[in-house]
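Chemist: Fold the following and give me the result.
(one chain, ligands or ions: 1)
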Amino acid sequence: MSGGVDSSVAALLLKQKGFEVHGLYMKNWDGHEESGFCHGERDAEDAEWVCKKLQIPLKHVNFVKEYWNFVFSDLIKEYSEGWTPNPDILCNRFVKFDCFKKHAFRQLGADAIATGHYANTSQGSFLQNYSKSDDVRLLLPTDLVKDQTLFLSQVRREDLKKVMFPLANLKKSEVKKIAEQNGLERIAKKEESTGICFIGNRKFQNFIDQYLNPVPGQFVDITTHEPVGEHTGIHHYTIGQNCKLPGRKHSYFVVDKNKDTQRILVAPGTNHPSLYSDLFFTTEPHWISQQVDSQLSEGVLKCKFRSQNTNALLDCSICRTQSNTLTVKLNTFLRGFAPGQFAVFYLGDECLGSARIRAVGPSLYLQGMEFSQEIATTDPELKSVLAYQ
Ligand SMILES: Nc1ncnc2c1ncn2[C@@H]1O[C@H](COP(=O)(O)OP(=O)(O)OP(=O)(O)O)[C@@H](O)[C@H]1O
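Modeler: Alright, predicted model coming up:
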(Lines give C-alpha, C1' and ligand atoms only; values in the text may rest on other atoms or scores of the structure.)
Protein backbone atom coordinates (compact mmCIF):
# COMPACT_ATOMS: atom_id res chain seq x y z
CA MET A 1 0.00 0.00 0.00
CA SER A 2 1.60 3.25 -1.13
CA GLY A 3 -1.28 5.52 -0.11
CA GLY A 4 -2.09 6.04 -3.81
CA VAL A 5 -5.22 5.13 -5.76
CA ASP A 6 -3.75 2.14 -7.62
CA SER A 7 -2.67 0.04 -4.64
CA SER A 8 -5.82 1.10 -2.73
CA VAL A 9 -8.09 -0.20 -5.50
CA ALA A 10 -5.94 -3.34 -5.87
CA ALA A 11 -6.53 -4.06 -2.16
CA LEU A 12 -10.25 -3.32 -2.49
CA LEU A 13 -10.63 -5.72 -5.45
CA LEU A 14 -8.77 -8.47 -3.61
CA LYS A 15 -11.03 -8.02 -0.61
CA GLN A 16 -14.12 -8.14 -2.82
CA LYS A 17 -12.82 -11.40 -4.31
CA GLY A 18 -12.67 -12.89 -0.81
CA PHE A 19 -8.93 -12.90 -0.16
CA GLU A 20 -7.64 -12.25 3.34
CA VAL A 21 -5.85 -8.99 2.64
CA HIS A 22 -3.11 -7.38 4.73
CA GLY A 23 -1.64 -4.00 3.84
CA LEU A 24 2.10 -3.39 3.95
CA TYR A 25 3.61 0.09 3.72
CA MET A 26 7.31 0.35 2.97
CA LYS A 27 9.46 3.30 3.97
CA ASN A 28 12.50 3.57 1.74
CA TRP A 29 13.75 7.11 2.27
CA ASP A 30 14.46 9.19 5.37
CA GLY A 31 12.67 12.22 3.97
CA HIS A 32 12.68 15.87 4.87
CA GLU A 33 8.93 16.02 5.33
CA GLU A 34 9.07 19.49 6.82
CA SER A 35 10.73 20.88 3.67
CA GLY A 36 7.99 19.41 1.48
CA PHE A 37 10.37 17.32 -0.67
CA CYS A 38 9.38 13.81 0.34
CA HIS A 39 5.77 12.81 0.96
CA GLY A 40 6.56 9.59 2.83
CA GLU A 41 4.73 10.47 6.04
CA ARG A 42 1.66 11.78 4.24
CA ASP A 43 1.57 8.65 2.06
CA ALA A 44 1.86 6.40 5.14
CA GLU A 45 -1.07 8.28 6.73
CA ASP A 46 -3.10 7.83 3.54
CA ALA A 47 -2.29 4.11 3.53
CA GLU A 48 -3.52 3.94 7.17
CA TRP A 49 -6.71 5.78 6.22
CA VAL A 50 -7.43 3.47 3.26
CA CYS A 51 -6.79 0.31 5.29
CA LYS A 52 -9.18 1.52 8.00
CA LYS A 53 -11.82 2.17 5.33
CA LEU A 54 -11.30 -1.28 3.82
CA GLN A 55 -11.10 -2.84 7.29
CA ILE A 56 -7.79 -4.51 6.68
CA PRO A 57 -4.72 -4.41 8.94
CA LEU A 58 -1.69 -2.35 7.87
CA LYS A 59 1.89 -3.12 8.77
CA HIS A 60 4.95 -0.97 8.17
CA VAL A 61 8.40 -2.05 7.12
CA ASN A 62 11.59 -0.02 6.89
CA PHE A 63 13.79 -0.64 3.82
CA VAL A 64 15.71 2.64 3.96
CA LYS A 65 19.03 0.79 4.24
CA GLU A 66 18.21 -1.67 1.44
CA TYR A 67 17.03 1.12 -0.86
CA TRP A 68 20.23 3.05 -0.21
CA ASN A 69 22.46 0.02 -0.83
CA PHE A 70 20.72 -1.51 -3.84
CA VAL A 71 19.23 1.49 -5.58
CA PHE A 72 20.53 4.87 -4.48
CA SER A 73 24.27 4.13 -4.32
CA ASP A 74 24.03 2.74 -7.84
CA LEU A 75 22.19 5.83 -9.02
CA ILE A 76 24.95 8.12 -7.73
CA LYS A 77 27.70 5.97 -9.23
CA GLU A 78 25.99 5.98 -12.60
CA TYR A 79 25.42 9.71 -12.67
CA SER A 80 29.13 10.18 -12.02
CA GLU A 81 29.85 7.96 -15.04
CA GLY A 82 27.62 10.11 -17.22
CA TRP A 83 24.91 7.43 -17.46
CA THR A 84 21.15 7.89 -17.09
CA PRO A 85 19.97 5.54 -14.34
CA ASN A 86 16.43 4.39 -13.61
CA PRO A 87 15.92 3.95 -9.85
CA ASP A 88 12.33 2.67 -10.24
CA ILE A 89 13.50 -0.33 -12.27
CA LEU A 90 16.16 -1.17 -9.68
CA CYS A 91 13.71 -0.62 -6.81
CA ASN A 92 11.31 -3.15 -8.31
CA ARG A 93 14.02 -5.74 -8.81
CA PHE A 94 15.90 -5.38 -5.53
CA VAL A 95 13.40 -3.95 -3.08
CA LYS A 96 9.71 -4.49 -3.98
CA PHE A 97 9.98 -7.92 -5.57
CA ASP A 98 12.82 -9.12 -3.39
CA CYS A 99 13.14 -7.65 0.15
CA PHE A 100 9.46 -6.63 0.35
CA LYS A 101 8.22 -9.95 -1.02
CA LYS A 102 10.50 -11.99 1.27
CA HIS A 103 9.33 -9.93 4.26
CA ALA A 104 5.66 -10.53 3.34
CA PHE A 105 6.18 -14.28 2.95
CA ARG A 106 8.61 -14.97 5.79
CA GLN A 107 7.67 -12.44 8.47
CA LEU A 108 3.98 -11.97 7.77
CA GLY A 109 3.11 -15.43 6.46
CA ALA A 110 1.66 -14.23 3.16
CA ASP A 111 0.85 -16.69 0.36
CA ALA A 112 1.17 -14.05 -2.36
CA ILE A 113 1.82 -10.33 -2.79
CA ALA A 114 -0.18 -7.86 -4.86
CA THR A 115 0.71 -4.39 -6.12
CA GLY A 116 -1.11 -1.65 -8.02
CA HIS A 117 1.16 -1.92 -11.06
CA TYR A 118 -0.43 -1.82 -14.51
CA ALA A 119 0.96 -5.14 -15.76
CA ASN A 120 -0.15 -8.73 -16.10
CA THR A 121 1.36 -12.19 -15.81
CA SER A 122 0.52 -15.60 -17.20
CA GLN A 123 -0.62 -16.53 -13.66
CA GLY A 124 -3.61 -14.18 -14.08
CA SER A 125 -4.42 -10.96 -12.24
CA PHE A 126 -5.75 -12.91 -9.21
CA LEU A 127 -3.49 -15.96 -9.64
CA GLN A 128 -6.45 -17.81 -11.17
CA ASN A 129 -4.12 -19.52 -13.67
CA TYR A 130 -1.39 -20.24 -11.13
CA SER A 131 0.24 -23.62 -11.30
CA LYS A 132 3.33 -24.49 -9.27
CA SER A 133 5.05 -26.15 -12.18
CA ASP A 134 4.30 -23.47 -14.77
CA ASP A 135 6.71 -20.85 -15.92
CA VAL A 136 5.75 -17.20 -15.31
CA ARG A 137 5.54 -14.76 -18.20
CA LEU A 138 5.27 -10.99 -17.80
CA LEU A 139 2.46 -9.62 -19.99
CA LEU A 140 1.15 -6.25 -21.12
CA PRO A 141 -1.89 -4.91 -19.22
CA THR A 142 -5.13 -3.71 -20.82
CA ASP A 143 -4.24 -0.04 -20.24
CA LEU A 144 -1.32 0.40 -22.62
CA VAL A 145 -1.00 4.09 -21.75
CA LYS A 146 -0.32 3.28 -18.08
CA ASP A 147 1.65 0.10 -18.88
CA GLN A 148 4.39 -0.41 -16.25
CA THR A 149 6.02 -3.56 -17.64
CA LEU A 150 9.07 -1.44 -18.51
CA PHE A 151 9.63 -0.86 -14.78
CA LEU A 152 9.21 -4.58 -14.07
CA SER A 153 11.45 -5.77 -16.89
CA GLN A 154 14.45 -6.47 -14.62
CA VAL A 155 12.53 -8.47 -12.02
CA ARG A 156 13.75 -12.08 -11.77
CA ARG A 157 11.35 -14.64 -13.25
CA GLU A 158 11.25 -16.50 -9.95
CA ASP A 159 10.29 -13.31 -8.09
CA LEU A 160 7.21 -12.83 -10.28
CA LYS A 161 5.77 -16.09 -9.00
CA LYS A 162 2.82 -15.66 -6.63
CA VAL A 163 2.55 -12.00 -7.54
CA MET A 164 -0.82 -10.48 -8.41
CA PHE A 165 -1.48 -7.39 -10.44
CA PRO A 166 -5.23 -6.88 -9.78
CA LEU A 167 -5.35 -3.84 -12.12
CA ALA A 168 -4.15 -5.87 -15.11
CA ASN A 169 -7.45 -5.67 -16.95
CA LEU A 170 -8.52 -2.18 -15.93
CA LYS A 171 -7.98 1.27 -17.38
CA LYS A 172 -6.80 4.02 -15.05
CA SER A 173 -10.12 5.86 -15.55
CA GLU A 174 -11.97 2.72 -14.36
CA VAL A 175 -9.67 2.42 -11.34
CA LYS A 176 -10.45 6.01 -10.33
CA LYS A 177 -14.17 5.39 -10.77
CA ILE A 178 -14.00 2.25 -8.57
CA ALA A 179 -12.20 4.30 -5.91
CA GLU A 180 -14.85 7.04 -6.03
CA GLN A 181 -17.72 4.55 -5.88
CA ASN A 182 -16.21 2.91 -2.79
CA GLY A 183 -15.61 5.93 -0.56
CA LEU A 184 -12.01 6.46 -1.62
CA GLU A 185 -12.58 9.68 -3.61
CA ARG A 186 -10.01 11.54 -1.48
CA ILE A 187 -7.36 9.09 -2.70
CA ALA A 188 -8.71 9.10 -6.27
CA LYS A 189 -8.25 12.88 -6.36
CA LYS A 190 -4.71 12.76 -4.95
CA GLU A 191 -2.05 14.13 -7.26
CA GLU A 192 -0.15 11.34 -9.00
CA SER A 193 3.42 10.85 -7.89
CA THR A 194 5.82 11.59 -10.72
CA GLY A 195 9.54 11.10 -11.01
CA ILE A 196 11.77 10.15 -8.13
CA CYS A 197 9.74 10.57 -4.95
CA PHE A 198 12.57 11.69 -2.70
CA ILE A 199 13.60 14.47 -5.05
CA GLY A 200 10.06 15.85 -5.02
CA ASN A 201 9.67 19.39 -6.27
CA ARG A 202 13.22 20.59 -5.74
CA LYS A 203 15.62 21.18 -8.61
CA PHE A 204 17.38 17.97 -9.60
CA GLN A 205 20.76 19.78 -9.81
CA ASN A 206 20.55 20.95 -6.19
CA PHE A 207 19.63 17.47 -5.03
CA ILE A 208 22.34 15.56 -6.87
CA ASP A 209 25.08 18.05 -5.89
CA GLN A 210 24.67 16.94 -2.28
CA TYR A 211 26.12 13.58 -3.34
CA LEU A 212 28.44 14.33 -6.27
CA ASN A 213 31.20 16.89 -6.55
CA PRO A 214 30.40 18.97 -9.61
CA VAL A 215 33.35 19.06 -12.06
CA PRO A 216 33.06 21.92 -14.56
CA GLY A 217 33.73 21.50 -18.26
CA GLN A 218 32.91 22.79 -21.72
CA PHE A 219 29.97 22.49 -24.04
CA VAL A 220 31.34 21.78 -27.54
CA ASP A 221 29.35 22.25 -30.75
CA ILE A 222 29.38 18.98 -32.74
CA THR A 223 29.17 20.85 -36.06
CA THR A 224 32.02 23.35 -35.51
CA HIS A 225 34.01 21.61 -32.73
CA GLU A 226 34.08 25.02 -31.00
CA PRO A 227 33.35 25.53 -27.31
CA VAL A 228 29.98 27.23 -26.92
CA GLY A 229 29.71 27.47 -23.13
CA GLU A 230 30.68 26.17 -19.72
CA HIS A 231 28.81 23.69 -17.55
CA THR A 232 29.07 22.82 -13.86
CA GLY A 233 29.05 19.01 -14.14
CA ILE A 234 28.14 16.37 -16.74
CA HIS A 235 25.66 14.76 -14.33
CA HIS A 236 23.47 17.87 -14.52
CA TYR A 237 22.57 17.06 -18.13
CA THR A 238 20.77 14.24 -19.91
CA ILE A 239 21.17 13.29 -23.56
CA GLY A 240 18.62 15.11 -25.72
CA GLN A 241 18.13 17.87 -23.15
CA ASN A 242 18.07 21.59 -24.02
CA CYS A 243 21.20 23.15 -22.44
CA LYS A 244 19.81 26.70 -22.34
CA LEU A 245 23.15 28.35 -23.13
CA PRO A 246 23.07 32.08 -22.51
CA GLY A 247 23.84 34.48 -25.38
CA ARG A 248 23.52 31.87 -28.17
CA LYS A 249 21.18 32.33 -31.08
CA HIS A 250 20.41 28.58 -31.38
CA SER A 251 19.10 26.30 -28.69
CA TYR A 252 21.69 23.59 -28.09
CA PHE A 253 20.83 19.99 -27.20
CA VAL A 254 23.04 17.36 -25.53
CA VAL A 255 24.37 14.74 -27.98
CA ASP A 256 27.00 13.03 -25.83
CA LYS A 257 28.93 13.34 -22.56
CA ASN A 258 32.53 12.40 -21.88
CA LYS A 259 33.39 11.69 -18.27
CA ASP A 260 37.15 11.68 -18.95
CA THR A 261 37.31 15.10 -20.59
CA GLN A 262 34.15 16.41 -18.86
CA ARG A 263 33.06 17.73 -22.27
CA ILE A 264 29.44 17.78 -23.31
CA LEU A 265 28.91 17.53 -27.05
CA VAL A 266 25.93 19.62 -28.18
CA ALA A 267 24.02 20.16 -31.42
CA PRO A 268 22.10 23.21 -32.62
CA GLY A 269 18.38 22.51 -32.93
CA THR A 270 16.05 20.04 -31.26
CA ASN A 271 15.90 17.82 -34.35
CA HIS A 272 19.56 17.88 -35.32
CA PRO A 273 20.48 14.53 -37.02
CA SER A 274 23.20 13.87 -34.43
CA LEU A 275 20.42 13.31 -31.89
CA TYR A 276 18.96 10.41 -33.90
CA SER A 277 20.13 6.85 -34.30
CA ASP A 278 18.68 3.48 -35.25
CA LEU A 279 21.37 1.34 -33.68
CA PHE A 280 22.56 0.69 -30.13
CA PHE A 281 24.55 -1.77 -28.03
CA THR A 282 23.56 -3.08 -24.64
CA THR A 283 25.10 -4.70 -21.59
CA GLU A 284 24.19 -8.33 -20.86
CA PRO A 285 20.38 -8.60 -21.03
CA HIS A 286 18.06 -9.83 -18.31
CA TRP A 287 15.45 -12.19 -19.77
CA ILE A 288 12.26 -12.95 -17.91
CA SER A 289 11.03 -15.05 -20.80
CA GLN A 290 12.47 -18.52 -21.17
CA GLN A 291 11.99 -18.63 -24.90
CA VAL A 292 14.48 -15.91 -25.87
CA ASP A 293 17.80 -17.68 -25.46
CA SER A 294 16.97 -20.42 -27.93
CA GLN A 295 15.55 -17.92 -30.42
CA LEU A 296 18.65 -15.75 -30.22
CA SER A 297 20.99 -18.65 -30.71
CA GLU A 298 19.29 -19.20 -34.05
CA GLY A 299 20.33 -15.70 -35.18
CA VAL A 300 18.44 -12.45 -35.31
CA LEU A 301 15.26 -12.06 -33.25
CA LYS A 302 12.64 -9.70 -34.65
CA CYS A 303 10.56 -8.18 -31.87
CA LYS A 304 9.29 -4.88 -30.45
CA PHE A 305 11.29 -2.35 -28.50
CA ARG A 306 10.42 0.34 -25.98
CA SER A 307 12.43 2.59 -23.71
CA GLN A 308 11.87 5.59 -21.49
CA ASN A 309 12.04 7.99 -24.41
CA THR A 310 9.32 6.29 -26.45
CA ASN A 311 6.02 4.97 -25.23
CA ALA A 312 5.34 3.38 -28.62
CA LEU A 313 6.37 -0.21 -29.30
CA LEU A 314 8.80 -0.06 -32.23
CA ASP A 315 9.96 -2.85 -34.55
CA CYS A 316 13.54 -3.97 -34.00
CA SER A 317 15.98 -6.79 -34.73
CA ILE A 318 18.33 -8.00 -32.02
CA CYS A 319 21.31 -10.26 -32.20
CA ARG A 320 23.65 -11.56 -29.53
CA THR A 321 27.36 -10.85 -29.56
CA GLN A 322 30.01 -13.33 -28.46
CA SER A 323 30.23 -11.58 -25.09
CA ASN A 324 26.47 -12.12 -24.58
CA THR A 325 25.61 -8.45 -25.03
CA LEU A 326 23.10 -7.30 -27.65
CA THR A 327 23.21 -5.22 -30.79
CA VAL A 328 19.84 -3.74 -31.59
CA LYS A 329 18.74 -2.26 -34.90
CA LEU A 330 15.48 -0.33 -35.02
CA ASN A 331 13.31 0.03 -38.09
CA THR A 332 13.22 3.76 -37.46
CA PHE A 333 15.51 6.50 -36.18
CA LEU A 334 14.86 7.51 -32.58
CA ARG A 335 15.89 10.69 -30.75
CA GLY A 336 17.86 10.90 -27.54
CA PHE A 337 19.08 7.39 -26.69
CA ALA A 338 21.20 7.61 -23.56
CA PRO A 339 23.66 5.11 -22.11
CA GLY A 340 22.21 3.67 -18.92
CA GLN A 341 18.61 3.70 -20.17
CA PHE A 342 16.85 0.37 -20.30
CA ALA A 343 15.83 -1.07 -23.66
CA VAL A 344 12.80 -3.31 -23.13
CA PHE A 345 11.77 -6.03 -25.58
CA TYR A 346 8.36 -7.49 -26.39
CA LEU A 347 7.01 -10.34 -28.48
CA GLY A 348 3.22 -10.15 -28.91
CA ASP A 349 1.86 -9.26 -25.48
CA GLU A 350 4.86 -10.70 -23.61
CA CYS A 351 7.59 -8.54 -22.07
CA LEU A 352 10.71 -10.60 -22.70
CA GLY A 353 13.04 -8.61 -20.44
CA SER A 354 15.44 -5.73 -20.85
CA ALA A 355 19.04 -4.64 -21.22
CA ARG A 356 20.85 -1.40 -20.57
CA ILE A 357 22.01 0.71 -23.47
CA ARG A 358 25.80 1.06 -23.17
CA ALA A 359 26.58 2.78 -26.46
CA VAL A 360 24.64 4.23 -29.35
CA GLY A 361 25.55 3.51 -32.96
CA PRO A 362 26.45 6.17 -35.50
CA SER A 363 23.87 8.93 -35.52
CA LEU A 364 22.06 10.06 -38.62
CA TYR A 365 24.58 12.91 -38.75
CA LEU A 366 27.67 10.72 -38.42
CA GLN A 367 26.32 8.22 -40.94
CA GLY A 368 25.96 11.15 -43.36
CA MET A 369 29.58 12.08 -42.75
CA GLU A 370 30.71 8.49 -43.36
CA PHE A 371 32.12 8.55 -39.87
CA SER A 372 30.87 5.01 -39.37
CA GLN A 373 33.97 3.60 -41.04
CA GLU A 374 36.18 5.31 -38.50
CA ILE A 375 34.16 3.94 -35.58
CA ALA A 376 33.98 0.51 -37.17
CA THR A 377 37.73 0.16 -37.07
CA THR A 378 37.90 0.98 -33.35
CA ASP A 379 34.92 -1.01 -32.09
CA PRO A 380 34.99 -4.69 -33.11
CA GLU A 381 31.39 -5.25 -32.05
CA LEU A 382 30.15 -2.34 -34.12
CA LYS A 383 32.22 -3.62 -37.03
CA SER A 384 30.33 -6.89 -36.99
CA VAL A 385 27.02 -5.06 -36.83
CA LEU A 386 27.83 -2.83 -39.76
CA ALA A 387 28.70 -5.93 -41.72
CA TYR A 388 25.35 -7.45 -40.71
CA GLN A 389 23.54 -4.27 -41.83
N1 LIG B 1 5.89 2.81 -0.15
C2 LIG B 1 5.29 1.73 -0.65
N3 LIG B 1 4.94 0.72 0.15
C4 LIG B 1 4.34 -0.39 -0.34
N5 LIG B 1 4.07 -0.57 -1.65
C6 LIG B 1 4.40 0.40 -2.49
C7 LIG B 1 5.03 1.60 -2.05
N8 LIG B 1 5.25 2.39 -3.13
C9 LIG B 1 4.77 1.71 -4.19
N10 LIG B 1 4.25 0.52 -3.82
C11 LIG B 1 3.61 -0.50 -4.69
O12 LIG B 1 4.11 -0.43 -6.01
C13 LIG B 1 3.06 -0.08 -6.92
C14 LIG B 1 3.59 0.83 -8.03
O15 LIG B 1 4.22 1.92 -7.44
P16 LIG B 1 4.33 3.34 -8.13
O17 LIG B 1 5.31 4.11 -7.31
O18 LIG B 1 4.55 3.15 -9.56
O19 LIG B 1 2.94 3.99 -7.78
P20 LIG B 1 1.63 4.27 -8.58
O21 LIG B 1 1.59 3.62 -9.91
O22 LIG B 1 1.40 5.73 -8.48
O23 LIG B 1 0.61 3.48 -7.63
P24 LIG B 1 -0.21 4.04 -6.41
O25 LIG B 1 -1.37 4.79 -7.02
O26 LIG B 1 -0.64 2.81 -5.66
O27 LIG B 1 0.71 4.92 -5.61
C28 LIG B 1 2.01 0.59 -6.05
O29 LIG B 1 0.73 0.49 -6.65
C30 LIG B 1 2.12 -0.19 -4.77
O31 LIG B 1 1.42 -1.42 -4.82
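Chemist: residue contacts, residue 278?
Modeler: Shown in contact with residue 278 (Cβ atoms under 8 Å, 6 or more residues apart in numbering): 329, 330, 331, 332, 333, 334, 361. Bear in mind the C-beta positions are built from the backbone N, C-alpha and C, glycine included.
Chemist: Would you mind checking these for buried ones?
Modeler: 329, 330, 334, 361 (16 or more other Cβ atoms under 10 Å).
Chemist: Would you format the contacts of residue 278 as JSON lines with distance to residue 343 and secondary structure included?
Modeler: Formatted as JSON lines, the contacts of residue 278 follow (distance: Cβ to Cβ, whole Å; DSSP: H, G, I helix; E, B strand; the rest coil):
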{"residue": "329", "distance to residue 343": "12", "secondary structure": "strand"}
{"residue": "330", "distance to residue 343": "10", "secondary structure": "strand"}
{"residue": "331", "distance to residue 343": "14", "secondary structure": "strand"}
{"residue": "332", "distance to residue 343": "14", "secondary structure": "strand"}
{"residue": "333", "distance to residue 343": "15", "secondary structure": "strand"}
{"residue": "334", "distance to residue 343": "10", "secondary structure": "strand"}
{"residue": "361", "distance to residue 343": "13", "secondary structure": "coil"}
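Chemist: Can you redo these as TSV, where the extra columns are pLDDT and distance to the ligand?
Modeler: Formatted as TSV, the contacts of residue 278 follow (pLDDT from 0 to 100; distance: Cβ to the nearest ligand atom, whole Å):
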residue	pLDDT	distance to the ligand
329	95	31
330	95	27
331	92	30
332	90	28
333	90	30
334	91	24
361	84	32
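Chemist: Partner strands of the helix or strand in which residue 281 is found and their direction?
Modeler: Per DSSP states H and E, residue 281 falls inside strand 276-282. Strand pairing for strand 276-282, determined by DSSP bridges: strand 326-335 (antiparallel), strand 350-360 (antiparallel).
Chemist: contact partners of the one helix or strand residue 73 maps to?
Modeler: Using DSSP H and E, the element containing residue 73 is helix 73-80. Helix 73-80 is contacted from outside by 84, 85, 87, 90, 208, 211, 212, 235, 259, 340, using Cβ under 8 Å, 6+ apart.
Chemist: same question for that helix, mean pLDDT?
Modeler: On average, the pLDDT along helix 73-80 is 90.
Chemist: What is the distance between it and the centre of its chain?
Modeler: Put simply, helix 73-80 sits 15 Å off its chain's centre (Cα atoms, centre = their mean, to the nearest Å).
Chemist: tell me the angle it makes with strand 350-360.
Modeler: Calculated by axes from the mean of the first three to the mean of the last three Cα atoms, to 10 degrees, helix 73-80 forms an angle of 40 degrees with strand 350-360.
Chemist: ok, and for helix 73-80, which residues are buried?
Modeler: 74, 75, 76, 78, 79, 80.
Chemist: can I get the residues you listed in a markdown table with distance to the ligand?
Modeler: A markdown table is the format used below for the buried residues of helix 73-80 (distance: Cβ to the nearest ligand atom, whole Å):
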| residue | distance to the ligand |
| --- | --- |
| 74 | 18 |
| 75 | 16 |
| 76 | 21 |
| 78 | 20 |
| 79 | 21 |
| 80 | 25 |
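Chemist: Would you quantify the distance from the residue of the stretch 251-389 of the chain found nearest the ligand to residue 341?
Modeler: In the stretch 251-389 of the chain, no residue comes nearer to the ligand than residue 308, which is 13.9 Å away by Cβ to the nearest ligand atom. Distance, residue 308 to residue 341, using Cβ to Cβ, to the nearest Å: 6 Å.
Chemist: swap in residue 172?
Modeler: For residue 172, the distance to residue 341 (Cβ to Cβ) stands at 24 Å.
Chemist: more neighbours, those two?
Modeler: Counted by other Cβ atoms under 10 Å, residue 172 and residue 341 do not tie: residue 341 has more neighbours, with 24 against 16.
Chemist: my read: that one touches residue 89, true?
Modeler: No: with contact defined as Cβ atoms under 8 Å, residue 341 does not count as touching residue 89 (9.8 Å).
Chemist: ok, now which ones touch residue 129?
Modeler: Going by Cβ under 8 Å, 6+ apart, residue 129 touches 122, 123.
Chemist: tally of neighbours for residue 170?
Modeler: 22.
Chemist: swap in residue 151?
Modeler: 23.
Chemist: can you check the one 4 residues further on too?
Modeler: For residue 155, the neighbour count with other Cβ under 10 Å is 26.
Chemist: And whatever helix or strand comes next after the helix holding residue 73, what does it pack against?
Modeler: Using DSSP H and E, the helix or strand that follows helix 73-80 towards the C-terminus is helix 87-91. Counting contacts by 3 or more Cβ pairs under 8 Å, 6 or more residues apart in numbering; DSSP states H and E, helix 87-91 packs against helix 73-80, helix 149-152.
Chemist: Pull out the buried residues from the shortest one.
Modeler: In this case it means helix 149-152. Neighbour-count burial for helix 149-152 flags 149, 150, 151, 152 (criterion: 16+ other Cβ under 10 Å).
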